[in-house]
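1. Coordinates for the following, if possible.
(chains A, B and C)
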Amino acid sequence: MIRGSLFLCAVVSILTTLGIVIALLLETVVPLPGSSDASEPFFANVSVWQFFTDTQWTPNFGGEQQHFGILPLVCGTLLVAGIAALVGLPIGILSAVYLSEYASPRVRSIIKPVLELLAGIPSVVYGYFALTFITPYVLRPILQDGLGFTVDIYNALSPGVVVGVMILPMVCSLSEDALRAVPRSLREAGYALGSTKFDVSAKVVLPAAVSGIIASFLLAISRAIGETMAVAMAGSNVPRFTLNPLTGGQTMTSFIANMSMGETPIGSVEYKSLYAVGLCLFCITLIMNIVSQWVMRRYREAYQ
Amino acid sequence: MAQPLMNVAPNRPPSLPQGPAADESAPPREPAPRVTKFDVRDLNFFYGAAQALFNVNLSIPQQSVTALIGPSGCGKSTFLRVLNRMNDIIEGTQVAGTVLLEGIDIYGKDVDVVALRKRVGMVFQKSTPFPKSIFDNIAFGPRIAGLKDKRALAEIVESSLTRAALWGEVKDRLQESALALSGGQQQRLCIARALATNPDVLLMDEPASALDPASTSRVEDLIFELKENYTIIIVTHNMQQAARVSDSTAFFFNGKLIEFGNTQKLFTNPREQQTEDYITGRFG
Amino acid sequence: MNAPAATARPADWLESGKREGWVFSTLCWLSTWSSVAILLVLLVAIVSQAWGWLDWQFLTSFDSQRFPDKAGILAGLWGSFWTILITILVSVPVGVGAAVHLEEFGRNDRLSRIIQVNLANLAGVPSIVYGILGLTAFSRMFGLFGEQGLIPISEINLLGWQIPIPFGKSVIAGALTLALMILPVIIVASQEALRAVPPSIRHAALALGATRWQMVRHQVLPAALPGIMTGVILAVSRAMGEAAPLILVGATTFVLYAPGDISSLADIRENPEGLLRAPFDSFTVMPIQIFNWAQQAKADFREHVAAAGIVVLLGMLLLLNATAIVVRNRSQKRMKY
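-> Numbers count the residues shown, from 1 in each chain, chains lettered A, B, ... in the order given. This next block holds a predicted model:
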């Protein structure tokens, strides 16, 4: 009986996945039993083609003006994730190289806890920091007062930077694992051929660990795509199909959060659009995670 | 010590330089005086507080094969790694004494370790090809030295692989991964890789111990060919191999150099009792 | 630098002096220490904004919509307390139980391998998708129950305890959602802890005639406890800081009471039924209060009250981690093997 209950515990995780899939498909593809009003799923009212190709997302407008094209939201998400990647990936990988190849144990004992702290800070804190510090005291002085660009109070650059800081510890830690997995004998062979530390680090160790590093990049970007609070607080609330980081547009996650907090009636098409966006978001991150795992599995055989 | 202790008949192809006389009744010939490549004087080596080499004095002749033999842990690998300063990578190591390469102390203050290692190449016990193509493996050394010209690199790759007796087998697949080669081929690849930096000394740490007999024999043939142009110092725990391949042999025990001399003489008529004990298998 | 005086060897392409490596290593050094710099700037900025606004009054009052200096985080403190409590009570047994099954009883099952892959995928699902799961499965229960549900029940009677279903915007819906979200973290960490227990302990127990379960319960689990606790701490810390899933479930942003109306120990004595009501009350948590304050128009709310809330949240996280580390070290000392 005990073994049975343990088995059930393990099965809970499968039920979770099933639950997620069902929750996302209900209201979008399959009608929810019992919803009195508008029990029709989202895609019965909005065509899939329109969903993916329309360049306007205006669920709260009435009648003719109501558009459900997800491209602006995807664009907003990718813009923030892109900036986050530009910040987090280089710092993460260079820090990993430093910790793995150059740093003394004392330095590592300082840096590793710092990175864990950074990783443990809740995203609302990062959102607050982006909104009340980075935008007014960093971005505006430099870009607006200094260079003359217009920086909206809610933009994509500020949340992008903090999301980059959020994913940096993950990139560093996973990449460091990949670098440390490179056998010592390879480094020795490099030195024996007359390499400097730079040659060994950059031309022997890094290339040998490249699959693990790419896997870490994919996971980090996936995390950046799924981030909600920081973009909800410091990012734009208006869906815009733009690549301008100084204004940005609403992200998928921010839309879902805002729609659920709003006053839109639960059975309406507008409300159900949050499920459709959720479904899209889930698929994107799932694919990235699967690819990342596939890449990681490939690199395990790289030294034989 | 009247009886020869080992029957040491060289089994080399006749075209190569004559080995020592096959006739045991004649007294062994003294080797002609050679130019010294490495001159080691009063070498003491420490891993932190533990001493690993005690007062080693040794002169290694050039363009010959010198074997370092001894039981496990006797310091022969440590000594080998002193010669190209590979021990510098390990934390807490200390070297006392002088190690002269053609008259210059390699532990001197102004010596560039990186340049030293290009002159004194090393091949390890376990072959360590980089996870790159065969071409990139060989070209690695010249590339990090600054050579960018594609044709020059291709020439160096070809000549290194030829000298390592591997060219014929891989010339059509230079862009394939080096990891796809067999164990013996990988080791010859590592030898070619070491040769690509144009060294004059080749240090080999038990190069054939992880290989099957056929590959071992090919590597030994290779060593014999290479000694015409390179000074080769090889660590081996296989005494028959030392006897087959080397001109001079040094016997280490417990961090001390016990005896050093012409291979034939050392194996048939060693001076020290300890050497005799080791060779006849009384220990180690 | 001088190469040892050479015999005449063609060495024109041997460059021994170039050290372009210093650019690279400087970049690496800068990157690493920039993380420290960012952390310091972050903490200093927040603490300086919270200075003067974090006082006893802030910790013991409820929120105020119009007066920043009257605002307090009491609702969030109690809401977080109840939420995290139920989250721990649900996720730890299930998570450790699942890990025990995967490591001790089902090692080479096909099903176990599927579960492993599944766990890896679940760990990468965005927290807001868990929110959607929680909304559908717990708040609305797939539309199966409730007054308009397929089965029109609105309450379950569990030994005299009236439980409203579906759970709606309640603490328990939020807690169950968070529990599912941190489950993969707990399971993976517990698995590693179990794996680290030397096989010799298991063999010794089995050789003495213990059943598998007895061996696990009395030898393996205690030995793995420190590692399991580390994983649990990590997971619970994450849950405490999460806002997105709870927003979806319906944690409201402006709440003027604590769940069950219990906002002090005195209340528990006066009003014990509040304890039973609390899990089903609507609620808020500290991260959501912070979020709400940061959205306000008044700068005092946005900059100072929010910062004070953040300091409280970070303080709670610190307290949680510190306590757990102490407990873990104590149990590690007792379990020396």
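2. Let me know the helix or strand that residue 86 is in.
-> In the absence of a named chain, this looks at chain A. Taking DSSP states H and E as the definition, A:Leu86 sits inside helix A:71-97.
3. wait, chain C
-> helix C:74-100.
4. counting contacts, what elements does whichever helix or strand comes after that helix pack onto?
-> Following helix C:74-100 in sequence order, the next helix or strand is helix C:110-123 (DSSP H and E). If contacts are counted by 3 or more C-beta pairs under 8 Å, 6 or more residues apart in numbering or on different chains; DSSP states H and E, helix C:110-123 sits against helix A:2-25, helix A:269-299, helix C:171-195. (Glycine included, C-beta is placed from N, CA and C.)
5. now do 6 Å
-> With contacts defined as 3 or more C-beta pairs under 6 Å, 6 or more residues apart in numbering or on different chains; DSSP states H and E, helix C:110-123 has these neighbours: helix A:2-25, helix C:171-195.
6. Give me the distance from the longest one to the chain's centre.
-> Shown here is helix C:171-195, whose average C-alpha point lies 9 Å from the average C-alpha point of the whole chain (C-alpha atoms, centre = their mean, to the nearest Å).
7. So which bits of chain B are right by chain C?
-> Within reach of chain C by C-beta under 6 Å from any C-beta of the partner chain, chain B has these residues: B:101, B:104, B:110, B:112, B:114-115, B:145-147.
8. Just the buried residues from those residues, in ChimeraX please.
-> Selection of buried members from these for ChimeraX, criterion 16 or more other C-beta atoms under 10 Å in any protein chain shown:
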select /B:101,104,112,114,115,145,147
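9. With pLDDT as new columns, can the residues of chain B next to chain C be given to me in a markdown table?
-> Below are the residues of chain B next to chain C laid out as a markdown table (pLDDT from 0 to 100):
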| residue | pLDDT |
| --- | --- |
| B:Leu101 | 90 |
| B:Ile104 | 87 |
| B:Asp110 | 84 |
| B:Asp112 | 87 |
| B:Val114 | 88 |
| B:Ala115 | 88 |
| B:Ala145 | 87 |
| B:Gly146 | 85 |
| B:Leu147 | 88 |
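10. mind listing the helices for the stretch 151-300 of chain A?
-> When assigned using DSSP state H, counting those that start in this stretch, the helices of the stretch 151-300 of chain A occupy the ranges A:157-180, A:184-192, A:197-199, A:206-208, A:210-226, A:229-234, A:252-261, A:269-299.
11. okay, now the domains of chain C?
-> Domains of chain C are assigned by automatic domain parsing as C:16-50, C:53-334.
12. out of those, deepest packed?
-> Of the domains of chain C, the one with the most neighbours on average (mean count of other C-beta atoms under 10 Å in any protein chain shown) is domain C:53-334, at a mean of 19.
13. I'd like the mean pLDDT over that one, please.
-> The average pLDDT within domain C:53-334 is 86.
14. Measure how far that domain is from the centre of its chain, please.
-> 7 Å.
15. And stretch A:210-222, by the same measure?
-> Centre to centre, stretch against its chain (C-alpha atoms, centre = their mean), the figure for stretch A:210-222 is 12 Å.
16. Buried residues, that stretch. List them.
-> In terms of neighbour count (16+ other C-beta under 10 Å), stretch A:210-222 has its buried residues at A:210-222.
17. hmm, back to that, CSV for the helices of the stretch 151-300 of chain A, including distance to B:Ser217?
-> Listed next are the helices of the stretch 151-300 of chain A as CSV, based on distance: least, C-beta to C-beta, whole Å:
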stretch, distance to B:Ser217
helix A:157-180, 38
helix A:184-192, 24
helix A:197-199, 34
helix A:206-208, 32
helix A:210-226, 37
helix A:229-234, 66
helix A:252-261, 66
helix A:269-299, 36
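18. could you dump those to JSON lines with mean pLDDT?
-> As requested, the helices of the stretch 151-300 of chain A are exported to JSON lines (pLDDT from 0 to 100):
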{"stretch": "helix A:157-180", "mean pLDDT": "95"}
{"stretch": "helix A:184-192", "mean pLDDT": "93"}
{"stretch": "helix A:197-199", "mean pLDDT": "88"}
{"stretch": "helix A:206-208", "mean pLDDT": "91"}
{"stretch": "helix A:210-226", "mean pLDDT": "94"}
{"stretch": "helix A:229-234", "mean pLDDT": "94"}
{"stretch": "helix A:252-261", "mean pLDDT": "92"}
{"stretch": "helix A:269-299", "mean pLDDT": "89"}
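19. Which of the ones you listed sits closest to B:Ser72?
-> Closest to B:Ser72 of these is helix A:184-192 (C-beta to C-beta; 18.9 Å).
20. returning to what we had before: can you tell me which of the helices of the stretch 151-300 of chain A is nearest to B:Val35?
-> Relative to B:Val35, the nearest member of the helices of the stretch 151-300 of chain A by C-beta to C-beta is helix A:184-192, separated by 24.6 Å.
21. how about the closest one against chain B, any contact?
-> Yes. Contact between helix A:184-192 and chain B, assessed by C-beta under 6 Å from any C-beta, occurs at A:185-186, A:189, A:191-192.
22. Chain C: which of these is nearest?
-> Here the nearest of the residues of helix A:184-192 next to chain B to chain C, counting by C-beta to the nearest C-beta, is A:Tyr191; it sits at 13.2 Å.
23. Please list all residues in contact with the residue most central in space within chain A.
-> The centre of chain A sits closest to A:Ala224, judged by C-alpha atoms, centre = their mean, with a distance of 1.7 Å. For A:Ala224, the contact set (C-beta atoms under 6 Å, 6 or more residues apart in numbering or on different chains) comprises A:81, A:84, A:163, A:167.
24. try 8 Å
-> Each residue near A:Ala224 by C-beta atoms under 8 Å, 6 or more residues apart in numbering or on different chains is listed here: A:80-81, A:84-85, A:88, A:163-164, A:166-167.
25. Now a PyMOL select for only the buried ones of the residues you listed.
-> Buried members of the contacts of A:Ala224, defined by 16+ other C-beta under 10 Å, are picked up in PyMOL with:
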select buried, chain A and resi 80+81+84+85+88+163+164+166+167
